Structures are given as C-alpha cells and as structure tokens.
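> Fold the following and give me the result.
(one chain, ligands or ions: 1)
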Amino acid sequence: MTQRTKAFLLLLGVALLGAGSGAQVPPAARPDPVKEKRLEWFRDVKYGMFIHWGLYAIPAGQWNGTRSPGLGEWVMFRSRVPVKEYEQLAAQFNPTKFNADEWVKLAKEAGMKYIVITSKHHDGFALFKSAASPYNVVDATPFKRDILKELSDACARAGIRLGFYYSQSQDWHEPNGAGNEWDFGPDDKKDYDRYLQGKAEPQIRELLTHYGKVALIWFDTPRMMTGDRPHRFTRIVRQLQPDTLIDGRLGAEGDYTSTGDNVIPPNVNGQAWEVPATINHTWGYRTDDTDWKSPGQIAFKLIDIVSKGGNYLLNVGPMADGMIPQASQDILRTVGRWLQVNGEAVYGAGPTPFGEELGEASARGARDIRGDALMYQQIQWRVTTKPGKLYITFFDEPRAPFALPAVRNSLKRAYRLADKQPVELKMENGRAVLNLERPIIDPMATVVVVEFDGATIERTKS
Ligand code: H79
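Numbers count the residues shown, from 1 in each chain. Next up is the predicted model:
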C-alpha cells in the first residue's frame, strides 16, 4: 500500500466514524489554551442536572385523550398539533408549586455541580421574558414569573453554575423555524435566516444579558446550520460572555463534544465531553414513563463516564405544577448520599490508566450502527485517578484476592474510602493483590483507594 492510500484509508475511517456517530468526538484537535481555560471548571465538575420543562409538561405524553408515543417534549410533533391549538397550553401554564431554591437544593443534595435548563425547546416556547417573541412564560401565561430569572438567582445564591439549553434550529411555533412542516410546509421553502435573526439570535442575546453569568449554552439538533449561521451564534456568545461554553451541537465546533443522547462511549477520551442522559426514557415529563434507572445504575454510569474522562448530564422532567417527580428526587438523593461519602473518587478525578476493566471489543472488529466499536462491556469495577492515588470502585463483589493490572510504580497502601479502614495490599508474582473484606461494605459501589509513588501510573508491558 502506498503512503497516499494509507492516508486516504485513515481519513476515510475518521470520516466514517464522524458521520456515523452524530454529534461526536472530532478528530484530534490541537489544544487551544483559551478554550482549555474556559473548560477548567467543566472538566472538574463531572455531574450536572439537566432540566426539561415547558408547556409539554401539561399534556405529559397524551393528546386529546390518546397516547402520544416517544419523548414527552415531542408531543406537538408526534401528534401533529397545529400551532393554534398547542399555543393554548400557555393559558393553562400555572406551576404554583415551582420553587427555584428547592430545585437547586435537590441538585446540591444529589451532588450535581451544574444545572442546564431548557430555555426554549423545539416547541418554541420560552421559559423567560423575551422582547423577541411574546410566546414566553411572562407574556403568555397566567403565571407571569420569569422562570430563568428565579432559577439564576437561586443558583447564584447557592453557588451553582447555570447553563441554558436553546433549540436554535427547530422551532415549531415559527413559520420560518425548522421542523413544523404540518402548519408551515417544507423546511427548504422557508426563510430560515428570518427566523434565526428575528428570534433565535436575539433570544441568545437576551439569555446572555439578563441572567448573570451563563455557564454554557446547550444548542441541539443542528439542522440547516450551513455557512455562517452557526458562527453568528458563536460570535454572539463570545462577544457577550467570553467564558460561556458552547456544547457540541451548534453545527460548528463547540468547546466540548456532546455524545448522542444516552450514549456512553466505550473507551477513554481525553477531550472534554458530556453525556446527556435520561433518568427514565423521556426528557419532558410524561405520566406513563415510570421506568426509572436505579440509584445503582446511575452511580455506575457516573463512575463509568468519569473513568473515561467525561461528564454526566442527567435529566429530570418537572411536572406541570412545578414539582420534580418524587421518584426522580429519591433516586438522585440516594446517589447524592453515596457521593457525600465517596465524592473524592469523582470530582476532579482523572480517567483510568488501565482500560481492561471496561470490556473487550468484538473479536472481529464489529461496529455498532453509530460506528463505535462493539463492546462487550464489563461492569464489575472502574478506576479513577488523582495524583498519587487510584480509586478503584467495585460494583460487584470482587474475587478475593483481587489482582490489580501490573504497574511500574510501587504501591504504598490501600484503604476503603468510606471509612478509611485499611485494605490488605501485597505482592504476588509481581502483581499487587488486594484482599478486600467481604461482603463489600456498600453493595452499590465500594471504593478502595490505592496510594502509589509518583504522580501518574506507569504501565508495565505484560
Ligand atoms: O432535548 C432532548 C430531545 O428532545 C432532543 N435532544 C435531547 C437532549 C432531541 N431532539 N431530537 N432528538 C432528540 C432525536 C429525536 C428523534 C425522534 Fe423522531 C423524535 C424520534 C421520533 C421522534 C424525528 C422525528 C425522528 C423521527 C421522527
């Protein structure tokens, strides 16, 4: 094979991977110091709360007494509800139990370090006062309170970062927004820039002007984001708040990459990335989705993600009265109690220096439909790191003695993170072995800290 053929095949592989995996990790970029500085906090926080809330919380997965399948926030699309009909939900939006401080308190108790809320989802309804469109919570509902103002004040009081989801492309309420072809005809016949310049761009300016420091803007579903369009958004963000992060779904390169919804990558990736994920199946509240992930599943996903170098943005869908479903609250608080004891293994922690604990790629190099290597995932243990420390989290009772992967560093001591009780550590045939007391003290996840000489682990070739 010639050099040129090799280079072509490599590029083809990268292109196919990129195309197959949606909003995914772009090919290796040179580090940009300004971007890295902006990202500092993001790389440390690891765990955030996503909030999907809007008019769709009222129908909650039904339309005219019929079940509307799929995601709760997609009810208008799935049931092809005319704008004139859907709009009338605004007159019913009166969430008297909404209390921003309580939402923020829940996020804190859950151990979540940032919040991202839907300022405007695909249905076009804004949860904030807007001069660009009267279709917003203050001007169109009996509630008349600016949700984002109350939430941003509560976040500032509690010292928690707040970012805004904004659907820049799809806007089913606007004649020229993308997505609503049942009222307004095909997207390719629309005056799309008129929508962008008349609503989306002005609203992004409002979000970055009226709510204090904005941690990030979470764009989504970049349709028709060609030419200068995405860059116009980037310029607005950089001009108004240069520290605000841009997610990976604008349609131009952002500050970090967003995986597909609920997609956890199979391997370690050193770039900044985030997994947006549901706690049941829907994002916006629906009454019939009670298939909650357990606290143990959530804890596993969190540590799995952190051990690969990413962040976990886990969603709640508040109800029409302003309450976050009790089941979500209970699950989040259970994981939060675990984090209170074991958070040292999560916040600010680096990825695993190993990788064999993650699982094995299919022997024949099979790929899933996204183009990712098909993995037979292992779920027994994960590793996170800080200088001089390995945090080994066991989700299953390990075999005793448990042999660590071979390393060059000398290992100093081992102890349980929860109660600091020593764990026997000895060398057997050149491998370090942990003799962990059984049953493990926390069946959901038990962390053992192993201290080693040096700042980072050096592998030995085995
Ligand atoms: O905000 C959440 C989702 O509403 C949003 N992203 C997360 C964070 C999202 N937008 N689009 N999608 C997710 C993918 C949607 C796919 C489907 Fe459909 C919607 C499948 C069925 C309805 C589009 C319309 C594809 C087929 C029909």
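
> Neighbours of the residue in the stretch 301-450 of the chain that the ligand sits nearest to, how many?
Closest to the ligand within the stretch 301-450 of the chain is Asn315: 7.5 Å, counting by C-beta to the nearest ligand atom. Using the backbone N, CA and C atoms, a C-beta is placed for each residue, glycine as well. By other C-beta atoms under 10 Å, 22 other residues sit near Asn315.

> can you check Gln92 too?
13.

> Then Ser152?
23.

> Wait, a helix at it?
Yes: counting by DSSP: H, G, I helix; E, B strand; the rest coil, Ser152 is found in a helix.

> Let me see the contact set for it.
Leu162, Tyr211, Gly212 (C-beta atoms under 8 Å, 6 or more residues apart in numbering).

> now do 10 Å
100, 115, 117, 128, 146, 162, 164, 207, 210-214 (C-beta atoms under 10 Å, 6 or more residues apart in numbering).

> and it, what pLDDT?
Per-residue pLDDT puts Ser152 at 98.

> Tell me the spacing between the closest residue in space to it that isn't next to it in sequence and the ligand.
Once flanking residues are discounted, Ser152 sits nearest to Tyr211: 4.1 Å by C-beta to C-beta, 6 or more residues apart in numbering. Using C-beta to the nearest ligand atom, to the nearest Å, Tyr211 is found at 20 Å from the ligand.

> quick one: is stretch 222-238 near the ligand?
No: Stretch 222-238 lies out of reach of the ligand by C-beta under 6 Å from any ligand atom, never closer than 9.7 Å.

> centre of the chain versus that stretch, how much separation?
Relative to its chain's centre, stretch 222-238 lies at 22 Å (C-alpha atoms, centre = their mean, to the nearest Å).

> same thing with stretch 274-285?
Distance, centroid of stretch 274-285 to centroid of chain: 9 Å (C-alpha atoms, centre = their mean).

> before we move on, what about stretch 333-344?
19 Å.

> Begin at 564 from now on, thanks
All set: I'll call the first residue 564, so the last point we hit is now stretch 896-907.

> buried ones in it?
Thr897, Val898, Gly899, Trp901, Leu902, Asn905, Gly906, Glu907 (16 or more other C-beta atoms under 10 Å).

> Run through who's touching it.
609-610, 669-676, 857-862, 864-866, 877, 908-910, 912, 947, 949, 952, 954, 956, 979-982, 1005, 1007-1010, 1012.

> and stretch 741-755, does that touch the ligand?
No: judged by C-beta under 6 Å from any ligand atom, stretch 741-755 and the ligand are separated, with a smallest distance of 8.7 Å.

> Now tell me what touches that stretch from outside.
For stretch 741-755, the external contacting residues (C-beta under 10 Å, 6+ apart) are 639-640, 642-649, 685-687, 730-740, 758-761, 763, 784-789, 792.

> swap the cut-off to 8 Å and go again
640, 643, 645-646, 685, 732-740, 758, 786-787.

> any idea which helix or strand comes after the helix or strand of the chain with the lowest mean pLDDT?
Using mean pLDDT, DSSP states H and E, the weakest-scoring helix or strand in the chain turns out to be helix 566-583, at a mean of 37. Per DSSP states H and E, the first helix or strand lying C-terminal to helix 566-583 is helix 596-601.

> so for that next one, what's the average pLDDT?
97.

> And that helix, what does it pack against?
Contacting helix 596-601 under the criterion 3 or more C-beta pairs under 8 Å, 6 or more residues apart in numbering; DSSP states H and E is no other helix or strand.

> Can you give me the buried ones in it?
Lys598, Arg601.

> same thing with stretch 645-664?
Neighbour count says stretch 645-664 has Val646, Tyr649, Glu650, Leu652, Ala653, Phe656, Pro658, Phe661, Ala663 buried, by 16+ other C-beta under 10 Å.

> what's the closest of those residues to the ligand?
So of the buried residues of stretch 645-664, ranked by how close each gets to the ligand (C-beta to the nearest ligand atom), first place is Tyr649, at 15.6 Å.

> residue contacts, that closest one?
Residues near Tyr649 by C-beta under 8 Å, 6+ apart: Leu618, Met639, Asp686, Trp735, His736.

> and if you look at Thr772?
The contact partners of Thr772, taken as C-beta under 8 Å, 6+ apart, are Leu803.

> rewinding a little: the residue nearest to Ser715 reaches Glu713, doesn't it?
No: judged on C-beta atoms under 8 Å, Tyr774 makes no contact with Glu713 at a distance of 10.3 Å.

> More neighbours: those two, which one.
Each of Tyr774 and Glu713 has its neighbours counted (other C-beta under 10 Å); Tyr774 has more, 20 against 15.

> okay, the more buried one: pLDDT?
Here, the pLDDT recorded for Tyr774 equals 98.

> Quick one: residues contacting it.
So Tyr774 contacts Phe691, Leu711, Lys712, Ser715, Leu725, Phe727 (C-beta under 8 Å, 6+ apart).

> The residues you listed, buried ones only, as a ChimeraX selection?
Restricted to buried positions by 16+ other C-beta under 10 Å, the ChimeraX selection for these reads:
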select :691,711,712,715,725,727
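
> now, which of the contacts of Tyr774 sits nearest the ligand?
Distances from the ligand to the contacts of Tyr774, taken by C-beta to the nearest ligand atom, are shortest for Phe727, at 12.6 Å.

> Assign a three-state SS to the closest one, would you?
Looking at Phe727 with three-state DSSP, the answer is strand.

> What is the neighbour count of the residue of the stretch 814-963 of the chain found nearest the ligand?
The nearest approach of the stretch 814-963 of the chain to the ligand comes at Trp846, 4.4 Å away (C-beta to the nearest ligand atom). Residues near Trp846, counting by other C-beta under 10 Å, number 26.

> What does it show for phi and psi?
Here is the backbone geometry of Trp846 (degrees, to the nearest 10): phi -100, psi -60.

> quick one, what contacts it?
Shown in contact with Trp846 (C-beta under 8 Å, 6+ apart): Phe613, His615, Leu634, Gly635, Glu636, Asn878, Gly880.

> Mind checking which of those land in strands?
Phe613, Asn878 (DSSP state E).

> In the contacts of Trp846, which residue is surrounded by the most others?
Neighbour tally across the contacts of Trp846 (other C-beta under 10 Å): the maximum, 28 neighbours, falls on Gly880.

> That one - nearest residue in space that isn't next to it in sequence?
That would be Tyr848: by C-beta to C-beta, 6+ apart, it lies 3.9 Å from Gly880.

> Check Arg994 too.
That would be Ala966: by C-beta to C-beta, 6+ apart, it lies 4.8 Å from Arg994.

> Kindly report the same for Phe727.
Using C-beta to C-beta, 6+ apart, the closest residue to Phe727 is Ser682 (4.1 Å).

> hang on, the earlier thing: is it possible to get CSV of the buried residues of stretch 645-664 that adds distance to the ligand, pLDDT and secondary structure?
Formatted as CSV, these follow (distance: C-beta to the nearest ligand atom, whole Å; pLDDT from 0 to 100; DSSP: H, G, I helix; E, B strand; the rest coil):
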residue, distance to the ligand, pLDDT, secondary structure
Val646, 18, 98, helix
Tyr649, 16, 98, helix
Glu650, 19, 98, helix
Leu652, 17, 98, helix
Ala653, 19, 98, helix
Phe656, 19, 98, coil
Pro658, 19, 98, coil
Phe661, 20, 98, coil
Ala663, 21, 99, helix
